[in-house]
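Student: sequence first, then the predicted structure:
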Amino acid sequence: MDTGFDLREHGGVDVFLRDCPTRAVLELIAGKWTMLVLVALEDGRPMRFAELRRRLDGVTAKVLTGTLRALEREGLLTRAVYPTVPPRVEYRLTALGREVGGLLQGITDWAQANVAAVVAAREEFDERAARPPAAVE
């Protein structure tokens, strides 16, 4: 696929190229649970694992654990362990995580504001697709 201009030749990146490291960042951020974790933590308040799990209805413990680890690895959140019995663990976004969380909050707001229009378009499409094809004259 020709993207027209290869930024690598000029010291930059080009997300449309297969080996661009930006793609890995986008793949992480675009994940359903990643987006929801970032938005849930976007207000700056730390949250514990169980609190996050309750907030993200439907996420399994295994998936949430993997998501949190990936976000910590990429520098988007911090994990603080407090020496209590049992140990208390809190998650909080880093400055980088708050920046992307704010962007994702905008996308979440858009989705909530436009869900009725999207559902109507989907239903209209499905109705058209269910009809037999019209004869070409």
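Tutor: Yes, it's here. As the structure is a prediction and not an experimental result, all values here were calculated from the model. Numbers count the residues shown, from 1 in each chain.
Student: C-alpha from now on. contacts and neighbour counts both.
Tutor: Fine.
Student: the residue at minimal distance from the centre of the chain and Val13, how far apart?
Tutor: In the chain, the residue lying closest to the centroid (CA atoms, centre = their mean) is Met35, at 2.5 Å. In this view, Met35 and Val13 are 23 Å apart by CA to CA, to the nearest Å.
Student: also Tyr82?
Tutor: 40 Å.
Student: so where's the longest helix in the chain?
Tutor: helix 95-130 (DSSP state H).
Student: any idea how far that one is from the middle of the chain?
Tutor: Using CA atoms, centre = their mean, to the nearest Å, the mean C-alpha position of helix 95-130 is found 13 Å from that of the whole chain.
Student: OK, contacts around Met35?
Tutor: 29, 101, 104 (CA atoms under 8 Å, 6 or more residues apart in numbering).
Student: so it: helix, strand or coil?
Tutor: helix (DSSP: H, G, I helix; E, B strand; the rest coil).
Student: distance of it relative to Glu123?
Tutor: 26 Å.
Student: per-residue pLDDT, the nearest residue to Ala61 once chain neighbours are set aside?
Tutor: Counting by CA to CA, 6 or more residues apart in numbering, Arg53 is the residue found nearest to Ala61 once chain neighbours are left out, at 7.2 Å. Model confidence at Arg53, given as pLDDT, is 96.
Student: next one: Asp19
Tutor: Asp19 is given a pLDDT of 83.
Student: and if you look at the one 5 residues further on?
Tutor: In this model, Ala24 is scored at 87, pLDDT.
Student: Glu42: neighbour count?
Tutor: 22 (other CA atoms under 10 Å).
Student: helix, strand, or coil at Gly66?
Tutor: Going by three-state DSSP: Gly66 is helix.
Student: before we move on, back to that, wait, doesn't the residue nearest to Ala61 sit right on Lys62?
Tutor: No - the pair Arg53 / Lys62 is not scored as a contact, 10.5 Å apart, by CA atoms under 8 Å.
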